[in-house]
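A.B. asks: Pasted the sequence and its predicted model underneath.
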Amino acid sequence: MELATIEELEAPTMEIPQATQPEIKTIPEKMIAQNLNCFFGKTQAIKNVTLSIPTQKVLAIIGPSGCGKSTFLRSLNRMHEVAGGTMTGTVLLDGLNIYDSDPVVVRRRVGMVFQKANPFPMMSIFDNVAAGLRLNGLGDKNKVNEIVERSLKQAALWDEVKDSLNKSGMSLSGGQQQRLCIARTLAVDPEVVLMDEPASALDPISTAKIEELIYDLKKNYTITIVTHNMQQAARVSDYTAFFYVGELIEVDDTKTMFTAPRKKRTEDYITGRFG
Amino acid sequence: MKIEPPVLVFPSPSKSRNRNIGDLVFKNLTLVFAIVVLSLVFVMAYEMYKGSSLSIEKFGWRFLWTSVWDPVKGDFGALPYVYGTIVSSLVALVIALPLSIGVSIFLSELAPRWLERPVSFMVELLAAIPSIVYGLWGMFVLVPVVRKFIGPFITRYLGFIPLFNGAPYGFGMLAAGIVLAIMILPIITSISRDVMMSIPNTQREAAFALGATKWETTKIILSNAKSGIAGATLLGLGRAIGETMAVTMVIGNMPQISAHLLDPAYSMASVLANEFSEATTQLYLSALIEIGLLLFAVRIILNAAARLIVWSVTSKFAQ
Ligand SMILES: Nc1ncnc2c1ncn2[C@@H]1O[C@H](COP(=O)(O)OP(=O)(O)O)[C@@H](O)[C@H]1O
Ligand SMILES: [Mg+2]
């Protein structure tokens, strides 16, 4: 990819802060990872990463596969430990260390969408979206109905499924299933939404829908998205962080990152010289 | 530019033909074996049907609903045996099912890997114990325990319910049910564990990421696995219904229909084992064979249904 072509990408019209401002400092931070080290047994997947996640913006995480993007993302809602990993360092959410809080509460505030759509197969479309609400003990039928409808609308799925809410979630196409999972995540009203290559298994049209959706969601949510696809990072994100073998190499606003990266490694990666 | 066709290397024709003949022989041979096994089932079914036709013609459906068993008069009804088999098997299920589900939840969701292997192995080892050993253990350990402790205890505290009452011998449907429960525990446990383990981790992650606790996540896994667990239960039930030796040794072998679990009873498989050698008349033999046919049919149906259910669950996630 030529550097100059970045302008030609159909980036949604988003306001991008001054390119001259390299660090994300003036933007309020929703989450901060400080001196984060993540391990799987003895292998270290994340090495001393310090990174802020700006409030109600989209942060994209890019980097070659195996560089620790997923691991970093999963350390932000304590899913890293579910896979048997360990970590040191702190992750602050609104200034409080999530590793001092109840993981169940953390995961309700920091939702997650996975690479492969994973609806609950024994549940209807409706019940999938309501699953998290029911875990929270919300019994009020009208309220549940209302939230399910709202979440499906936010996930841009409502029009396609409003007449078949009782059908199995598995009856949907891959792209619809992924939007169903997004609706399920949004239903518990998280503050941060983490997405791990949410469109990597989808066709271009479904991918476009998800990207549009992300663009709409940042009005209300803080979003961090891992992506393999640099055009996608350029299209949907306000900020981009580049990871390489477990280290954070560079983070900047997306436009600067793709037009004038400061580090040689970043430039090599985004120009396709490796990765 | 001229494009060169790719050069493909095939094995020389003669060699490949030889191999093909080998393959052909092998394939057909295995096919023959498969057909032999399959037809064996049909031959057995047919033979048993033929052997029992005398009894089937004479008694019809009445055979299932009457309880006279009079070889001298030539009147046969299998109800007490059917009853004993069903009740002892159900007792076994009631005891084994919660235990099995608990163990399989432990194995698939909770146990660390170093513990899961040995515990699974031990559970499966239970299935390797010959049923005569279960029978002996039942007679010499379980029956006295039922007579001295379990029986008096439940008649004292639950005796007002007819079910938990009965003769103080120790031999009876309760003892048979307990022995059967231990015998069917391995199959229900290992299949339930396999079904739960076949549910991909993405399901657990989906639940955790929504803020589910370990227990809530397990409930979601269970809801995915429930038809598989039902299949495992059917397989266990089939095994309990067909079990002969151990049951014969502890059920008391009295052809009676009693509402009390502590009372002795008889089972279909036991009556076959005990009376086959004494069947002096054609009709007597025919009645016994009809019981065998019933057992055969019930087990085939249960097993087929169970396998189908388990297969449909595990294949749903295997893409
Ligand atoms: N469950 C796991 N167990 C052990 N090692 C893992 C596990 N998941 C990931 N890793 C290792 O951690 C490193 C980072 O992986 P990951 O975060 O998945 O990278 P990415 O998402 O950038 O492709 C890799 O070297 C990978 O092999
Ligand atoms: Mg990844």
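C.D. replies: Perfect, I can see it now. Residues are numbered from 1 along each chain as shown, chains lettered A, B, ... in the order given. Ligands and ions are numbered 1, 2, ... in the order given.
A.B. asks: Stretch B:295-312 vs chain A: in contact?
C.D. replies: No: counting by CB under 8 Å from any CB of the partner chain, chain A has no neighbours in stretch B:295-312; the shortest distance is 11.9 Å. (C-beta placed from N, C-alpha, C; glycine too.)
A.B. asks: Buried residues of that stretch, list them for me.
C.D. replies: Buried residues in stretch B:295-312, counted by 16 or more other CB atoms under 10 Å in any protein chain shown: B:Leu295, B:Phe296, B:Val298, B:Arg299, B:Leu302, B:Asn303, B:Ala306, B:Ile309, B:Val310.
A.B. asks: What separation is there between the last one and B:Ser89?
C.D. replies: Applying CB to CB, to the nearest Å, the value for B:Val310 to B:Ser89 is 19 Å.
A.B. asks: The first one too?
C.D. replies: From B:Leu295 across to B:Ser89, the span is 11 Å (CB to CB).
A.B. asks: shared neighbours, the two?
C.D. replies: Jointly contacting B:Leu295 and B:Ser89 under the rule CB atoms under 8 Å, 6 or more residues apart in numbering or on different chains are B:Ile241.
A.B. asks: Quick check: residues of chain A near ligand 1?
C.D. replies: Within reach of ligand 1 by CB under 6 Å from any ligand atom, chain A has these residues: A:Phe40, A:Thr43, A:Ala45, A:Gly63, A:Ser65, A:Gly66, A:Cys67, A:Gly68, A:Lys69, A:Ser70, A:Thr71, A:Ala83.
A.B. asks: Could you give me the PyMOL selection string for whichever of the residues you listed are buried?
C.D. replies: This is the PyMOL syntax for the buried subset of the residues of chain A next to ligand 1, where burial follows 16+ other CB under 10 Å:
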select buried, chain A and resi 45+63+67+68+69+70+71
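A.B. asks: From the residues of chain A next to ligand 1, pick the one nearest A:Leu133.
C.D. replies: A:Ala83 (25.7 Å; CB to CB).
A.B. asks: so that closest one touches A:Leu73, yeah?
C.D. replies: No: counting by CB atoms under 8 Å, no contact exists between A:Ala83 and A:Leu73, whose distance comes to 11.9 Å.
A.B. asks: For stretch A:93-113, which residues meet the burial criterion?
C.D. replies: For stretch A:93-113, burial by neighbour count (16+ other CB under 10 Å) applies to A:93, A:98-99, A:103-104, A:106-113.
A.B. asks: Mind picking the two most distant members of those?
C.D. replies: Maximum pairwise distance among these (CB to CB): 22.2 Å, between A:Tyr99 and A:Val113.
A.B. asks: and stretch A:245-265, how far apart are its ends?
C.D. replies: Stretch A:245-265 has its terminal residues 11 Å apart, counting by CA to CA, to the nearest Å.
A.B. asks: centre of the chain versus that stretch, how much separation?
C.D. replies: Centroid separation for stretch A:245-265 versus its chain: 18 Å, with CA atoms, centre = their mean, to the nearest Å.
A.B. asks: check contacts around A:Tyr244.
C.D. replies: A:Tyr244 sits next to A:Gly63, A:Pro64, A:Cys67, A:Arg265, A:Tyr269 when contact means CB under 8 Å, 6+ apart.
A.B. asks: mind checking how far B:Gly60 is from ligand 1?
C.D. replies: For B:Gly60, the distance to ligand 1 equals 64 Å [CB to the nearest ligand atom, to the nearest Å].
A.B. asks: sorry, that was for B:Leu107
C.D. replies: B:Leu107 is 20 Å from ligand 1, by CB to the nearest ligand atom.
A.B. asks: A:Val188 now?
C.D. replies: Between A:Val188 and ligand 1 the computed distance is 24 Å (CB to the nearest ligand atom).
A.B. asks: what's the nearest residue to that residue if we skip its chain neighbours?
C.D. replies: Nearest residue to A:Val188 in three dimensions, chain neighbours excluded: A:Gly132, at 3.8 Å (CB to CB, 6 or more residues apart in numbering or on different chains).
A.B. asks: Give me the neighbour count for the one you found.
C.D. replies: Counted with other CB atoms under 10 Å in any protein chain shown, residues neighbouring A:Gly132 total 27.
A.B. asks: Who are the packing partners of the host helix or strand of it?
C.D. replies: If you go by DSSP states H and E, A:Gly132 is part of helix A:125-135. With contacts taken as 3 or more CB pairs under 8 Å, 6 or more residues apart in numbering or on different chains; DSSP states H and E, helix A:125-135 sits against helix A:141-154, helix A:174-187.
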